[in-house]
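A.B. asks: I need the structure of the sequence given here:
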Amino acid sequence: MPCIETQRESYLIRLWTEEDADHPVVRGSIQNVQTGHKTFFDAIDLPVQLLRETAQRLGDTEPRAPLR
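C.D. replies: The predicted structure follows:
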């Protein structure tokens, strides 16, 4: 099945570590490639939830605006 352009979103996820009170903490950012919107996070729950919401929205039959 061909991919419909309006039903596709791409994200760039970056992860890195920072020292916090003598132990490393994982931090990151997730950026929507189409809109350029970037969100920073320090817990993996945020990007996972964003990806779940995007997948659910793309599965809907009614067209909607992309998340920003």
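A.B. asks: does Pro47 touch Ile13 like I think?
C.D. replies: Yes. Under the criterion of Cβ atoms under 8 Å, Pro47 makes contact with Ile13 at 6.0 Å. Just so you know, the C-beta spots here come from the backbone N, C-alpha and C atoms, and that holds for glycine as well.
A.B. asks: shared neighbours, the two?
C.D. replies: Here Pro47 and Ile13 have 28, 30 as joint contacts, going by Cβ atoms under 8 Å, 6 or more residues apart in numbering.
A.B. asks: which one's more surrounded, these two?
C.D. replies: Pro47 (17 against 13; other Cβ atoms under 10 Å).
A.B. asks: any low-confidence regions in this protein?
C.D. replies: Scanning the chain for pLDDT under 70 picks out the ranges 1-6, 61-68.
A.B. asks: please enumerate the helices of it.
C.D. replies: Ranges of helices in the chain, per DSSP state H, are 45-59.
A.B. asks: which residue of it sits farthest from its center?
C.D. replies: What lies farthest from the middle of the chain is Asp22; by Cα atoms, centre = their mean that is 28.9 Å.
A.B. asks: Ala43 versus that one, what's the distance?
C.D. replies: Distance, Asp22 to Ala43, by Cβ to Cβ, to the nearest Å: 20 Å.
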